[in-house]
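Engineer: pasting the structure only:
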């Protein structure tokens, strides 16, 4: 991977979008059931304009001078705001947005986020509103207010808790997201903590009337806290933007990995994309040609989150070195099935040395076990110390092996009265300490009963600790295999 050099992210024109000094909410209402309340409730939760910046300025002539939610003074218009404006959110009817844009340009507001829908995605009337906004932007020579949207939520920044999801806090990390879909961006915020996929920046852009993926790819590529970039994409605006997009992917993928989920690949999906963002989805094969060698292109949101999660834990200093793998599994049938799944993605299971096999035999005894690779630990799989000691032996004795996949029977371990009430903490930290002393990559699969509250709670603790030690853990071998397949094929290992 190349290093990023040159312009600093703080010098980029998008910096005030992600680090605004203030946020103006146009169409604000004291009614908590209005759509605009999703922003105001979120800002209230984070104490914006109360205990911390950015300042919040509601705008609605109907409520001028009154306090919205009893917190923020409401203003008549943008000209009444007592400081230069960074971030304006439009929560008004589509037919009034062009007037708002003119007002933004007049006061030199930096960004207008058009939450409002009802533009190119709804037909001729919406298209006329779209064209009017484009004309205003062209008249301004794109030198004043820039537009995000319409039909979008705007920006996410975990560093200052900038968020549009009032129901979920941002889990901070090194993943930055560009999304044409507001729903996908919202789901990412909600999933991030559960999956261990920490967010740095995010942007929901909707119809991309002005700013598009190329602008945000630029910004993310410069950011030193962003290690992995994710794109949810339904369309490219035109050929010129598409050519630029191809060049951006090519150059940025040499610095940091990019994961892409392209919506609208099928005929039905493409039809949905038109009604969603007004997108002309385009031919799937053209997009796949653009993504080839430049991004990891996936087929579902589960695959998207899984490979992004894997990359955030591995990048930049724990990248996989080869396909040479050791699999440690409790139970013969599990060993056979999992070996088949991992062999299908061409992982290499080299036979362990006689010395290693002797050491394993002394540790586990040669009863209902197998030591060639995969290692079948049999009934000893319910004893955490046996799994840890097996892992130590492989690390010490097998220099050629670069990856160790450990499968544990979490439900059975917790179900036994063997003093493992604090299993997650002790096992995960022990494995973490082992991981820090080796250059090999460790992975964990906790087999568990998804309906057992105790098991679910312990697994949650287990995942949290393992993620801190940067040990990827997946709920099933299939999902780990798919992520590894994407990774190994993209990096040509």
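Structural biologist: Done, it's in. Just so it is clear, the structure is predicted and the values come from calculations on it, not from any experiment. Numbers count the residues shown, from 1 in each chain.

Engineer: can I assume residue 35 is in contact with residue 91?
Structural biologist: Yes. With contact defined as CB atoms under 8 Å, residue 35 and residue 91 form a contacting pair (6.3 Å). All C-beta atoms are positioned from the backbone trio N, CA, C, and that covers glycine.

Engineer: what is in contact with those two at once?
Structural biologist: residue 115 (CB atoms under 8 Å, 6 or more residues apart in numbering).

Engineer: And the two? Which one has more around it.
Structural biologist: In this view residue 35 and residue 91 are compared by other CB atoms under 10 Å, and residue 91 has more residues nearby, 23 against 13.

Engineer: what's the more buried one sitting at in phi/psi?
Structural biologist: With angles defined as degrees, to the nearest 10, residue 91 sits at phi -120, psi 40.

Engineer: what sits against it?
Structural biologist: Each residue near residue 91 by CB under 8 Å, 6+ apart is listed here: 25, 26, 27, 28, 34, 35, 36, 39, 115, 116.

Engineer: Kindly recompute the last result at 6 Å.
Structural biologist: By CB atoms under 6 Å, 6 or more residues apart in numbering, the contact list for residue 91 reads 27, 36, 115.

Engineer: got it, and residue 331?
Structural biologist: For residue 331, no contacting residues are found, by CB under 6 Å, 6+ apart.

Engineer: May I see the buried residues of stretch 449-465?
Structural biologist: Using 16 or more other CB atoms under 10 Å as the test for burial, stretch 449-465 gives 455, 458, 459, 462, 463, 465.

Engineer: how deep is residue 363 tucked in, by neighbour count?
Structural biologist: Residue 363 has 17 neighbouring residues, counting by other CB under 10 Å.

Engineer: what's the distance between it and residue 397?
Structural biologist: 12 Å (CB to CB, to the nearest Å).

Engineer: swap in residue 446?
Structural biologist: Distance of residue 446 to residue 397, given as CB to CB: 26 Å.

Engineer: go on, residue 26?
Structural biologist: Distance, residue 26 to residue 397, using CB to CB: 66 Å.

Engineer: between those two, which one's more packed in?
Structural biologist: residue 26 (26 against 16).

Engineer: The stretch 251-400 of the chain: helices as residue ranges?
Structural biologist: Using DSSP state H, counting those that start in this stretch, the helices found in the stretch 251-400 of the chain span residues 267-277, 284-291, 301-314, 332-343, 354-364, 384-397.

Engineer: one step back: closest to residue 483 among the buried residues of stretch 449-465?
Structural biologist: Comparing these against residue 483 with CB to CB places residue 463 closest, at 15.2 Å.

Engineer: what packs against the host helix or strand of the closest one?
Structural biologist: According to DSSP states H and E, residue 463 maps onto helix 453-468. Helix 453-468 is packed against helix 410-415, helix 423-436, with contacts defined by 3 or more CB pairs under 6 Å, 6 or more residues apart in numbering; DSSP states H and E.

Engineer: got the angle between it and helix 301-314?
Structural biologist: Per axes from the mean of the first three to the mean of the last three CA atoms, to 10 degrees, the angle that helix 453-468 makes with helix 301-314 is 50 degrees.

Engineer: Could you point out the helix or strand that follows helix 453-468?
Structural biologist: The first helix or strand that comes after helix 453-468 along the chain, using DSSP H and E, is helix 477-490.

Engineer: and that next one with helix 284-291, angle?
Structural biologist: Using the same axes, to 10 degrees, helix 477-490 lies at 70 degrees relative to helix 284-291.

Engineer: what pLDDT, on average, does helix 477-490 get?
Structural biologist: Throughout helix 477-490, pLDDT has a mean value of 98.

Engineer: Quick one: list the elements packing against it.
Structural biologist: Applying 3+ CB pairs under 6 Å, 6+ apart, one finds that helix 477-490 makes contact with helix 301-314, helix 332-343.

Engineer: Can you check which of these gets nearest to residue 250?
Structural biologist: The nearest among the helices and strands packed on helix 477-490, by CB to CB, is helix 301-314 at 18.2 Å.

Engineer: element containing residue 24?
Structural biologist: strand 22-26.
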